[in-house]
Structure formats: structure tokens, C-alpha cells
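Colleague: When you get a sec, could you give me coordinates for this:
(chains A, B, C and D)
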Number of protein chains: 4
Amino acid sequence: MKIQHPVYYGDYLQLPKILDAQAPESAKYGKPAHDETLFIIIHQTYELWFKQILHELGSVREIMLKPFVPSTDLSVIHSRLERIITIQKILVEQIQIMETMTSVDFMEFRDYLVPASGFQSLQFRLVEATLGIKPQHRMEIEKQFFNSRLNPEDRARLEEAEKKESILELLEAWLSRMPFFDFEGFDFWGEYSLAVDKMLDHDQEIISANPGLSEKLRQMELKNLELTRDSFSVLLDGHKYQELVAAGKAKLSQKAILSAIFIHLYRDYPALQMPFQILNSLVEIDEKFTTWRYRHAIMVQRILGTKIGTGGSSGHEYLKSTTERNRAFLDLFNLATFLIPRTMTPKLPDYVKDQLDIVYDSFQS
Amino acid sequence: MKIQHPVYYGDYLQLPKILDAQAPESAKYGKPAHDETLFIIIHQTYELWFKQILHELGSVREIMLKPFVPSTDLSVIHSRLERIITIQKILVEQIQIMETMTSVDFMEFRDYLVPASGFQSLQFRLVEATLGIKPQHRMEIEKQFFNSRLNPEDRARLEEAEKKESILELLEAWLSRMPFFDFEGFDFWGEYSLAVDKMLDHDQEIISANPGLSEKLRQMELKNLELTRDSFSVLLDGHKYQELVAAGKAKLSQKAILSAIFIHLYRDYPALQMPFQILNSLVEIDEKFTTWRYRHAIMVQRILGTKIGTGGSSGHEYLKSTTERNRAFLDLFNLATFLIPRTMTPKLPDYVKDQLDIVYDSFQS
Amino acid sequence: MKIQHPVYYGDYLQLPKILDAQAPESAKYGKPAHDETLFIIIHQTYELWFKQILHELGSVREIMLKPFVPSTDLSVIHSRLERIITIQKILVEQIQIMETMTSVDFMEFRDYLVPASGFQSLQFRLVEATLGIKPQHRMEIEKQFFNSRLNPEDRARLEEAEKKESILELLEAWLSRMPFFDFEGFDFWGEYSLAVDKMLDHDQEIISANPGLSEKLRQMELKNLELTRDSFSVLLDGHKYQELVAAGKAKLSQKAILSAIFIHLYRDYPALQMPFQILNSLVEIDEKFTTWRYRHAIMVQRILGTKIGTGGSSGHEYLKSTTERNRAFLDLFNLATFLIPRTMTPKLPDYVKDQLDIVYDSFQS
Amino acid sequence: MKIQHPVYYGDYLQLPKILDAQAPESAKYGKPAHDETLFIIIHQTYELWFKQILHELGSVREIMLKPFVPSTDLSVIHSRLERIITIQKILVEQIQIMETMTSVDFMEFRDYLVPASGFQSLQFRLVEATLGIKPQHRMEIEKQFFNSRLNPEDRARLEEAEKKESILELLEAWLSRMPFFDFEGFDFWGEYSLAVDKMLDHDQEIISANPGLSEKLRQMELKNLELTRDSFSVLLDGHKYQELVAAGKAKLSQKAILSAIFIHLYRDYPALQMPFQILNSLVEIDEKFTTWRYRHAIMVQRILGTKIGTGGSSGHEYLKSTTERNRAFLDLFNLATFLIPRTMTPKLPDYVKDQLDIVYDSFQS
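Modeller: Reported below is the predicted structural model:
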């Protein structure tokens, strides 16, 4: 390697471009509003971070597109997902910078920004699409906001991205390929099913004997327990689970979700440590975006009340509606329902254990 | 002052008591669960912080109970409220410690804790009551949880606290005493009303001319604007506002809310700087508890799914229902609706300004 | 006001420019390093935030340049300083994003970045200069790094900024203009001096009687107390204090520091609430940059060990040397030395109190 | 399992004890200081968290004491270390709660607390000792503070803990047992050594050709490079490294540090993923305590200036001296020096790779 040209800080970061990209509208109208600069800069940093997140997600997609994901790539996937989470923490924290702008400060320039709106952030939609949010997952009101907000070129880019395999779909494929459904001479899922029954019977006893519940609450709890029983029976019935998926109530297939459960239950084995951490990271990414949407909606309400925002629209309902909805990995988030106590978890036969394990000392020369 | 006795760290903090107060139930059953210690200790730190918050709120109440709150006490109130907010940040952050406990770890000891439940935290209820949440503000399901959860002694203490004047009520009184309703020879609220009309007409123009809105969205926005107009007309009509309060849709009286608006609009005057900061702190305290409830509900869902928790009940619906509801200072949170741009804010006559101001150089000897 | 042209999100934020400004050097050499994108983007966000900080500091300077700072401007100054602090929190937090890049990842592109170096960030030097760091405050090694690092144009801009009045100098002027040095018929500083003696005598008793100190430690403490006595005697002697300033051991004049002490002691009076908060904000700004430098130095050590970084130099000593040094408001940071307990604080005569106070009820029509 | 007795929230958490353990000294003197309650409560939460950290460290020790650490226990170790880190974040964040107490507020009760001092926190010393800080690592001044501060019983408990094998010592043993020193037919460390020479020669070229360095700086950098060369030659020479350890300049043996380097370089293999994460967690634990000590020292200076604190002593020098010193895993913190770029890292022969890997698909029945 030969260094061919010297690189300088300002040129490398293209600072002349970056630092000359703030042109407040209020100044153009002869009424410069001090806080508009903040408004521009904070959004620019958000967009830079979205670009970084897309960079990480893109590289994760590429790895997961391989027909066989090499074991040494799993920690690469994991560390890139963890980086996204670290970035998301900052996205959430940054809202407090925006909150230093009061309602009255904001109104000084709000009117100049019609019809600009955060709904026009292509990159944020690309992030959602890459994770796994498809048009059919979005609510009617959300789609309306898009149709009138994204420009044709951006809409085309989004549609293209939505057609590609998302991380969710690649996860589905990866989990479905795993060999946890049928062990020779070991009926794992039969044993799991027995353990579940035992656990739920035990829960029922607890509810029935609980001195802290009024009769009304007890009935509520027992009804709730029945719903949990139903969830398990659907989980373990391939046909019923398929109906759930068809009805849009689950995104992952039965095979994929069973693999995820297996990984959770035996996560301490070397072969499953990294898969376990990857599943957790994906849930955390959803989680952080949910928190971000929630904090963002609260901030908007605090600055605007019921008044219109930039873009000349209120978008309240939209903001609230997406807070919880746009979780790509909702099935994983809800996985706790299907986990059972360690003491009840089926013991694995040795030949299965051996395959999940590495005996460290064995590779000694 | 004479130091009468030496004080040692461990004795001063009563560490023998504090550090001997962790007795995991799982150990009593001969099945010690590693994570139960965490579960106990984190709840103990929460309770210690609740005690500290009650200490601060109690001192604020005492100051606000004075028939005339001295101006030098306002910064004391403010700094104590800000301390509460700083503590609340930690309460929220701490949830990530709890999140290091996985579902499977939790199930190892959950069953031993029947019917213990976080709903039995007397101190948290006292905090809510001291801020301003009265029984009539609580939902039916929330009350049910109480009736069967708090022990008689604790219930009595809570009821007693609910009878006392809350910070919300003291704030109401303080704001209502302020002299911003009727200035001699200056029809402030008339001018404000004109400014509001101008602002809303302007908003209407923006919505109508906005190229970024579909016809459907435009109609939605215009309807929304009419609702905002209605809000203002209620605000400025003593009789209608009283009906709003009677219907439980507002907690503060018209007088109080008008004072709050005045303070927001003229917050830069020395006389109003501290009142403005106090109003903001109260909203922030609500805000932080809302975030805490939200994060707490998410964490529970992630650890339990739809299964029962400690206490042998799920409490999901309860947790979700209170997230947004239990804001004592909701009227202040929604205040942005009633603020108008600085350029439209009525100019104050000099004699009013003088009363709000301090001419620093004047007190020179 | 008439909206003359529609504004769209992407155009408004100049996203085509912003999002096209990442050109990894490693790709130019045909060896694209995944993490170089992160390296570029995080530095770009830093530079955007530095621009925002300069925007805020610039506006604060402008207000403070007024021969008489209007009382209503003080809360503007304060809220802008607080905004800077909120941004700084993010600057510090962001370091954890950088920390997701491991040593091995970094080495994949480090070599392509010669001689680019963070020492070439003009904006960061401008921030320091605007706060109050002048060339004479910088260490020799720091200057060497500059001389060879900043390009001539940037150096010129920095030198120009260093010639302007800094916030520190404007603070000096503002504090010195305050009327707290000579009250008619009330020898404030004489009383303060008596209180100080009383306090230190008391401290001496405590040290002498402390059962928790070995003889060696007791002597150390007594010596330390003598140094504190000396500090006070210098503080109250205009001539000696002037020598301290001349020797570069203090930056603010005696007059300014005495005003700052007065503000601290009587901060609860309406006239002093905002000045008190402003002083605190300035210390906090210093503090946050100190933390940022410290965390930055630690991160570099963790990624590089003793190896050279980008720019082909190590810069360790430089990084460590500036951590604590570049505090513009060190005198305010150390102010606690000169504060006395509330019970010992001189009572102000009524006519002084009246000037510091606002009797809220008095401006009622 | 049969639930034998109902458990209630307040009893379970022993709240009567916990919430009755705040007895401000100032009240005993008839001069209740509002902020003393905060001072007590924050220290109590610190001690509760120290107890939790000791609980986690104790369990990690127990696992590491096993002559052969099962691979499934590694993720248990890792998740408990990560929990400690999460707790430490809160310990650092909590300092901002303490910072809401101003100098003047603190002085209202400081005098009553002689000779209580944070130096008397037995648990914090136990944490340090369990991690690996032995008496010989402490500075003279630090020891003096102890000798006069801890009561005899606590001193005995500390000494006992210091005699036990620390996590550092157990890590030493674990790393030394690893089989990375001598591969059959593959001279790994020879190849590593060649790669190092190549890397440093390359660095030398960069320094020599760097247009951004003045002659003076260039010489400085070249000298620095020689020091790095020396470090490597010591690393690879068993005898010289032993001398380093004997001189107290390194804590881990050559074998252990070489294993750590190997783990860092090949961390993506399933067999090394968890060991890599464990090493990182240990460095992070050190790091967080360092940050905590630093922030704590700054806070004390801000509240006290050069005055004495509780306990009637200043302890400045002590606080500053330990900030950076008490890192148990300093060798790992400095490891970056010995890492080489991925492109230069020796390729492992297949038989070595196979031992580090798990071929996921292989364990299919």
C-alpha cells in the first residue's frame, strides 16, 4: 500500500458542503428566527444517522442473503446491530435538544416551512422497509400521508426497497433452516408441550389460591390464562399457526418462531449464544424506534398543542398510530409468552448437546 | 455549635439494617434464584427514591401553603422540583438494570412472590396523590387493583393524603391569585383574542393553499382547526370554561390557566422567569412519570408476554391504562395550543412592564 | 406575511449535499472498509453540532456586547447556554457510538487518512476561543500541534476570533459593572470577612478534634486549611488579587469574582436568580467539554494503545494535557472555596433587599 | 412446589426497615437541613448497588474457580458482567442527583458528620479487592486514609477478601490454560511477529512522509514508535515480560496476555466470541469505575472547592490519585497496542479453524 495523496480533515469530511447547507427560510423573508438554525441542524444530524443505519442494515442484509451464513459472520451481524442500537440511543436522547425550543420560538418560523414535513424523510421509510415494514403493514392514514408527501422519485425508491427481501424475511429464512424441529429419537416438542401444560396448571393453582385477588380480578386472570393456553395450542399446531400468519396476526412462520424459542431456551450453548444475541438485538432495535416515535409524538404535542406544525398539518393521529404499530419483530417481542422456567425445560440428549457445544480444551495441540 | 458525638459512615447510613434487608424467597424454598437479589435491591432503591421525592414534594407543599409565597422562595421551589426531575431520570434509566433479567431468569422465583405486587407500593400512590391525582381521576380497573392490594393501614394513609391539598390545588390557588386578569386601562385579553383570530385565520390560509395536502387531508386539517378555534372560544368564556372543568376535562380554573398563558408569553421578565420555570418543571415531572410508566409496561410485556407476573396477576390492562392518564398537570402540558407567536403578542404598557421588571443598575448605592 | 414558495423537506435540509458528502478513502484504494463510513458520519455530526454551538455562543456574545444588558435578555442568554449544555451531553454520549468501532476495524482505514487529524477542526478551536481560551492559555505542545495542523486560511480565522472579546471577557465586564462592592452605610465585605474567619476557625476545631484522622493526616489537613485562609486573604486584598491575575493564576478580576460570590450567596432574590443560573451554566459548559475531552482521550487510548492514529501521529500527550486545562471559567468552577454557610451569611439591610426583590402583588392594578 | 405463605410487597422488601433508616444528624442538633435527607438516601442507594455488584462478582468468581469452566457458563459470566456495567452507568448518572445539592446547601449539615467519610465504605473496597486491587497496588496516601478510616471489623473483612483469589487472578489462570501458544506445525507467534514488524515499518514510513508534521513533532512520533517497538519485543520475550510483571508494570503473565491477543484477533470464531465479550466487559467495568471516580472528584471540587468535606478532611489528593490508578484490568485496556490490522493477521490452518468453529448445519439429525 502506498499513500497517494495527503488527506486533510476539512476536505475529508467535506465540511465546506456540510457547513454551508443551513439556509433558514425565515432569513429569506427578512425575519431571521434564531431557532431555525437548530431546527435545520438537528434534522440534518438525524438524516446522517439514518444514512449510517442504512449502511449497517445493508451490510447485515448482504450477509444474511448468503445461502449459508458462516458462523464467523454472526458476530459481525451482531456487532452491527448493536451499533445501530447505540445510534438509536442518541436519536432518542437528541430529542431533548429539540425540546430546548419552546412553542413560542418555534412559531417564529413554522409558517415558512409549508409543506415541508418529517413525513417526507425518505431514509426513515427506507429503514422501516429494510427492517420489514411493508405497505400492507401500514395504516390507512399513514399511507395517505405518504401519498401526498413523498415526491415521485423518492416514492419510487421506497417502492423498490419494499420489494427487496427485508431483514425480517431473511431472518425468517435463517430460522426456518435451523435443525431444531425433528431430532432423531427425541420428541423435543412433545416434551416442551408437557412442560407448558404443567406450567399453566401451576399458574392456574396460583391464581385460584391467591389471597390478593378479589373475585372479579380472579375471573379476569383465569380468562387471561385461557387465552395464554390458546396461544400455546396455536403455536404447536402447524395449521392453526399458518392461519394466524394468514390473518396478519403473526409475521414469522411456525418453524421460525419455534427455532427462536429453542434458541431462547438453550441460549447458553456456544452454538446458540450469538443467535440469541442477534434475536435480542432485533427486538431492541424495534424497541428503540418505538421509544423514539413515542418521545417524538410527546414533544410535538408539547410544542404545538393541537395546532398545525410545519408542513401545515397536524399529523397527531398519524404520530400516535405508528408508535406501537411499526414493530417489524413483534413476534420476537412477544416471545416471552412461550418461554418456560429453566427447571421445566426438557433435558437435551447428549448427542444434541455435543452439537451445540465446543469443548474448549479439545483443540489443544 | 459543638460536635457532641462522632458519626461513622456505616452507622450514619444505618448500613447494618439496609444491607441486611434482602431475604430472597427462593432461598427459603431451598432453590436460591440468583436474580432474585437484583429484583429485591432494585425495588428497594425505587422505594428510597420515592421517599426522597416525597420529601421534596412535601417541602414544596409547605412553601405553597403560605398565603403569600415570598419571591425568594420561588427559586427554592424550582430547584427542588428540578431535583425530582433529576431523580426521575434515574428511575427511568434504572429500568435497563431490570431489563438485564431475562424472562427465564425471572420465572425461577416469580412463583414465590404471591401476592406481592408493585401495585402495593404505597409511596408511589402518595407521590401521585401529592401531585394531584385524586380517586375520581383514577379508572375503574385501577381502583379495583387498589382495593384488593393495599393493606388497610396503607389504604388509610393514602386516603388521608388524598384529602390534603395537592400541589395541583396549591398551584391553582397561586395562579388564581396572580394579577393578570384586569389591567387598568389595558384590555389585555381583548388584544390577545384579536391576535388569536389573526393567527388562526393565517393557519387556515396555510392549510387551504398547502400544495402538500390531498383534499381528504385538507378537510381533516380544516376540521382540526375548527376544534382549535372552539378551544380558544371556551378558554375565553368564563362560563364555558367552568363547564369544561365540571365535566372533568380540565383541572385548572380559567383564571389559573390564563395566568399560566400570561406567564408563558412574558416569561422573560424577571418577575415571571421563575414562575415560568416552575410551570415547566411541573409538566416535566408529569412527563417523566409518564415515560417511566410506559417503559415499565414495555419491560413487563417483554419479560412476561401474556403470562402472570408476581402477585399472580397480569395487570397488563392496568399498566397500559395509566401510562398517559395519570398526568396531574395535563392542562399545562396542553398549553401550547393557546400560545401565539411573539410577533402577534400584545405589547404591554410601560407601567405593566415596570412592575414585571427589575432595573438592575437602580439598586446601586 | 405571504408564503412565496413551497418548501420541501429534502430541499430545505439540502439532503442531496449532506447525504452525498461521505467518500471513504479506503474505497478509493479499492479496499472499502465498512467502518470508515461511521468514522466520517460521526465527525460530520460533531461538526454540525459545533456549528450550532457557535450559533448560540455568537448570539450570547451579541447580547452581552450591549453596554447595558436588559433584564429580559438574561433568560434568553440562560436558555441558549442551557441548549449548548444539552448539545454537549449528546457530544459526550456519541462517543459510545465511536466506541462500537474496535481497534482492528479502525486499522483497516487509518493509514489512508494521513495527515487528517481532529486537531484540524477549526470550529472546535473557535468554540474554545469564543468561550475565552486565548493563545496564552494554551500549552506549548498544543500550539505546536496547531501550527502544523491548521491550514493558513483556518489559522487566520482562528486568530481573528481570538482577537474578539470572548464570553469570558464580556462576563468580566458584566460582573464588574454590578453594584455589589460598596453599599451605603453597610460594610458588606467586612461582615463577609468576619464570617469567613469564623467558618475557618470552626473548620480548624473540627480538624483538631476529629477522631478519624491520624496525626499525619491531621497535619496535612491543617496545612490545607492554611492554604484556604491564604486564598481568602488574597481574595479580599485588591492588590494581591491583581498579582494573582497578572501571574495567570486567575482570569477574572477581583471585582468580577466578588460579584459572582455575592450572586451565589443571595441567589434566591429575583434580581439574582437569572445571573446565578447563568454563572452555573457557564461552569457546566466548561465541565461538559472537560468530560468530553477526557472520554475522548480514553477512547483513543482504547482503540490505539500507543500506536499512531489518523494523521500519523499519536497526540496522546496533547489529549491528556488539555483535558483539565482548557476551562475558560475555572475561577467560577473553584468558587465553592469562597462560599460560606447560610447561617453565617451577612443579613442584608432592607433597602438592599428591596432592590433585589420584586413584590409580586404590588403590580396589581 | 407449594406456596407456603403469602408474600406482601412491603414485607418482602422490608420497607419498614429500609424507609426508617434515614436519621439526619442536623435534626438531632435542632437545625434540620433539608438536603441532608438526599445525602443519606443517595449513599444508601449506592451501598445497595454495591451489594448487588458484589453479588454478581461473587457468582462470577465461583464459576471461574472451577478447574474447567464449562462453555455454557461463559454466557452466564458475560451477562452478569454486563449487568454490573448497566448498574455502573446508573452509579455514574446518579452523580447528577448529588450535583443538585449546592455548596451552600451542603454546608448546612457538613459539620455534623465528623468523622464519617466515603472512604469508610467497606463494600466499595470489597468490590475493588474482588476485581483485583491488592494492597500493594494502592498508593501510600490511599492506605493512610484506610488505616485511619475503616473500623477494625471492616478492616478484617477487607483483608480477608484481599487474600482470596480475585477475578483478575482467576482470569490469569483461565487465559493461561488456553491452548494458543504452541500449535503443531504452525508457528503462530513467529508469523505474528513478522506481521508486527511489517506494520511498524509501515507506520514509520507514514510518519516520515507525513506532510502534516513539523520536524519537531516528527521526531517525537519516531521516538514514540521506538517505544512501541520495545513494547512488542518485551511482549514476545518470555523473560523480559516476566521482568515487567515483577516490576509491577504488568499484572497478567505473558501467557495470559498472548491468549487475550489471540482472542481479540480471532474473536469472530464461535469458540472465541464469548471469551472476547468477557474481556471487553472486564475492561468496561474498570472504565466505568474510572469514570465514576473522575466524576465524583469533580463533583466534590465543585461543592467544596478546597474546603474540608464530611469527615473533616479534604481527601482531594486521594480522590485524584485513584481516578486512573485503580484499574484491575489495565493490561487489557492497553491491549490495542498489540493488535494488528486484519489484512496482516496470520491465516489459521484449517485444523485450527475447525476447532474454533461450529458448523451449525452439522448437528442436524
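Colleague: So what's the residue count around A:Gly309?
Modeller: Using other CB atoms under 10 Å in any protein chain shown, A:Gly309 has 19 neighbouring residues. C-betas here are computed from N, CA, C, even on glycine.
Colleague: So it versus A:Asp154, what's the distance?
Modeller: 20 Å (CB to CB, to the nearest Å).
Colleague: How far off centre is the helix or strand containing A:His55?
Modeller: A:His55 is part of helix A:36-65 when elements are defined by DSSP states H and E. Offset of helix A:36-65 from its chain centre (CA atoms, centre = their mean, to the nearest Å): 15 Å.
Colleague: Next: stretch A:266-278.
Modeller: On the basis of CA atoms, centre = their mean, stretch A:266-278 is displaced by 20 Å from the centre of the chain it belongs to.
Colleague: okay, that stretch in CSV with CA atoms only?
Modeller: Extracted as CSV, the C-alpha positions of stretch A:266-278 are listed here (Å, rounded to 0.1, in the frame of the first residue of the first chain):
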residue,chain,number,x,y,z
TYR,A,266,-30.7,-23.2,25.2
ARG,A,267,-29.0,-19.9,24.6
ASP,A,268,-26.1,-20.7,26.8
TYR,A,269,-24.6,-23.3,24.4
PRO,A,270,-21.8,-21.8,22.2
ALA,A,271,-23.7,-22.6,19.0
LEU,A,272,-26.7,-20.5,20.2
GLN,A,273,-25.1,-17.7,22.1
MET,A,274,-24.7,-15.5,19.0
PRO,A,275,-28.1,-16.4,17.5
PHE,A,276,-29.7,-15.5,20.9
GLN,A,277,-27.9,-12.1,21.0
ILE,A,278,-29.0,-11.4,17.4
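Colleague: tell me which element the most centrally placed residue in chain A is part of?
Modeller: Computing the C-alpha centroid of chain A and ranking residues by CA atoms, centre = their mean puts A:Asp286 first, at 2.1 Å. Under DSSP H and E, the secondary-structure element containing A:Asp286 is helix A:270-304.
Colleague: and that helix with chain D, contact?
Modeller: Yes: with CB under 8 Å from any CB of the partner chain as the measure, helix A:270-304 is seen reaching chain D through A:270-271, A:273-274, A:276.
Colleague: and the end-to-end length of stretch A:8-23?
Modeller: The first and final residues of stretch A:8-23 sit 26 Å from each other (CA to CA, to the nearest Å).
Colleague: Check the average confidence over that stretch, would you?
Modeller: Taken as a whole, stretch A:8-23 has an average pLDDT of 96.
Colleague: Same question for stretch A:120-136.
Modeller: Averaging the model's pLDDT scores along stretch A:120-136 yields 93.
Colleague: sorry, back to before: can you tell me how far the residue nearest to the centre of chain A sits from A:Leu225?
Modeller: From A:Asp286 over to A:Leu225 the distance is 27 Å, taken as CB to CB.
Colleague: Likewise for A:Gln273?
Modeller: Relative to A:Leu225, A:Gln273 is positioned 33 Å away (CB to CB).
Colleague: Have a look at the two and say which one is more surrounded.
Modeller: It is A:Gln273, of A:Gln273 and A:Leu225, that has more neighbours when counted by other CB under 10 Å, with 26 against 20.
Colleague: Tell me the spatial nearest neighbour of that one, not counting adjacent residues.
Modeller: D:Ser75 (5.1 Å; CB to CB, 6 or more residues apart in numbering or on different chains).
Colleague: what helix or strand is that neighbour on?
Modeller: Here D:Ser75 is assigned to helix D:71-98, by DSSP H and E.
Colleague: Ok, A:Phe124 next?
Modeller: Secondary-structure element containing A:Phe124, defined by DSSP H and E: helix A:122-131.
Colleague: by contact count, what packs against that helix?
Modeller: helix A:36-65, helix A:152-163, helix A:167-176 (3 or more CB pairs under 8 Å, 6 or more residues apart in numbering or on different chains; DSSP states H and E).
Colleague: Turn these into TSV, columns for mean neighbour count, mean pLDDT and distance to chain D.
Modeller: Putting the helices and strands packed on helix A:122-131 into TSV (neighbours: other CB atoms under 10 Å in any protein chain shown; pLDDT from 0 to 100; distance: least, CB to the nearest CB, whole Å) gives the following:
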stretch	mean neighbour count	mean pLDDT	distance to chain D
helix A:36-65	20	98	12
helix A:152-163	14	93	29
helix A:167-176	20	97	10
